[in-house]
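Q: Any chance you could fold what I've pasted below:
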Amino acid sequence: MRKPSAHFLSIPAVLLFGSLLCGCPNPNAYGTPRTVAPGKVAHTVSLESYGYIGESTADDPSTGAAETETETVSGYLPTLPSYQVRVGLTDNIDIGGHIHNLSSFGADLKVNPVRGVFDLAVDPGVQYAYLAGGGASVHIVYLHAPVMLGVNPTDWFSVVVTPGITYGLVSGTFEDADDSAATAGGLLLRGGLGLQFRIADGFAIHPEITMMKSIDGPGLVYNFGLGFNFGELPSFKDLQEPPQ
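A: Numbering: from 1, shown residues only. Alright, predicted model coming up:
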């Protein structure tokens, strides 16, 4: 049995836990840079999936156990739904609480200094997960630091781009660390794209995909989800054309 370093996470080992995919980083926001109004509450329920591309090393059967071969491996599968609640604190600050995949917890603080046809916000957050089973006992903390850039062509539609970084801290043990397919901890570069369709004042649909690439190894992970936003959503009435 080996102990993984602080920047190591075995993707196949996580996938073996099935519904316990809470160990996967979940960076999707399902929102725009705009914050919820002070004292108001908004909610998001999202249906999600998770994928990875990486490398796996194993003993080469043609040469014996003394040498190893490396192959590219990948996987993609749905995960459990996620829930988010946001509460407005000031005119340009709100706070979010998250239940990722019904088993991992997180929080973030969004600051939105720029609004208009172009919106900008910073949204630092944290995610915690614990994995146990199959010989593993692992604590995982992800520190997210995205910048949210929004373009609003109309009052009912937005394009949101979220570049940034994530840092993964992993402690504990994996039973079969040699079966790792990718590195999903340490410093990760991230980039996301979301589209928000505001169907009504209190309801919006927000598909989003975010990719995360480790700088310490070959690992690439990605999350795709469809978010359903409801409640006291941020207002875009400033973009409405004045009556003639």
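Q: Buried residues of stretch 84-97, list them for me.
A: 84, 86, 87, 88, 89, 92, 93, 94, 95, 96 (16 or more other Cβ atoms under 10 Å). (Each C-beta comes from the backbone N, C-alpha and C, glycine too.)
Q: Tabulate the residues you listed (a markdown table), appending secondary structure.
A: Formatted as a markdown table, the buried residues of stretch 84-97 follow (DSSP: H, G, I helix; E, B strand; the rest coil):
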| residue | secondary structure |
| --- | --- |
| 84 | strand |
| 86 | strand |
| 87 | strand |
| 88 | strand |
| 89 | strand |
| 92 | coil |
| 93 | strand |
| 94 | strand |
| 95 | strand |
| 96 | strand |
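Q: And those, which two are furthest apart?
A: For those, with distances taken as Cβ to Cβ, the pair at the greatest spread is 84 and 92 (19.0 Å).
Q: Now residue 109: closest residue in space, sequence neighbours ignored.
A: Computed as Cβ to Cβ, 6 or more residues apart in numbering, the closest residue to residue 109 that is not its neighbour in sequence is residue 95, at 5.4 Å.
Q: Same check on residue 42?
A: Leaving aside its chain neighbours, residue 42 sits nearest to residue 231 (4.1 Å; criterion: Cβ to Cβ, 6+ apart).
Q: quick one: contacts for that neighbour?
A: Contacts for residue 231 were tallied using Cβ atoms under 8 Å, 6 or more residues apart in numbering; they are 40, 41, 42, 43, 202.
Q: go with 7 Å
A: By Cβ atoms under 7 Å, 6 or more residues apart in numbering, the residues touching residue 231 are 41, 42, 43, 202.
Q: Same check on residue 104?
A: Here residue 104 is in contact with 22, 26, 127, 128, 129 (criterion: Cβ under 7 Å, 6+ apart).
Q: before we move on, the earlier item: closest to residue 113 out of the contacts of residue 231?
A: Among the contacts of residue 231, residue 42 lies closest to residue 113 (Cβ to Cβ), at 19.6 Å.
Q: I'd say the closest one and residue 227 touch.
A: No. Applying Cβ atoms under 7 Å, one finds residue 42 not in contact with residue 227, separated by 11.2 Å.
Q: all strands of the chain, in order?
A: 41-60, 64-78, 82-90, 93-100, 104-114, 118-122, 125-133, 136-154, 157-161, 164-173, 186-200, 203-214, 220-231 (DSSP state E).
Q: Now distance to residue 35 too, for the ones you listed, in JSON lines please.
A: Converted to JSON lines, the strands of the chain look like this (distance: least, Cβ to Cβ, whole Å):
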{"stretch": "strand 41-60", "distance to residue 35": "10"}
{"stretch": "strand 64-78", "distance to residue 35": "30"}
{"stretch": "strand 82-90", "distance to residue 35": "6"}
{"stretch": "strand 93-100", "distance to residue 35": "4"}
{"stretch": "strand 104-114", "distance to residue 35": "5"}
{"stretch": "strand 118-122", "distance to residue 35": "7"}
{"stretch": "strand 125-133", "distance to residue 35": "14"}
{"stretch": "strand 136-154", "distance to residue 35": "10"}
{"stretch": "strand 157-161", "distance to residue 35": "14"}
{"stretch": "strand 164-173", "distance to residue 35": "17"}
{"stretch": "strand 186-200", "distance to residue 35": "14"}
{"stretch": "strand 203-214", "distance to residue 35": "15"}
{"stretch": "strand 220-231", "distance to residue 35": "13"}
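Q: No further questions, thank you.
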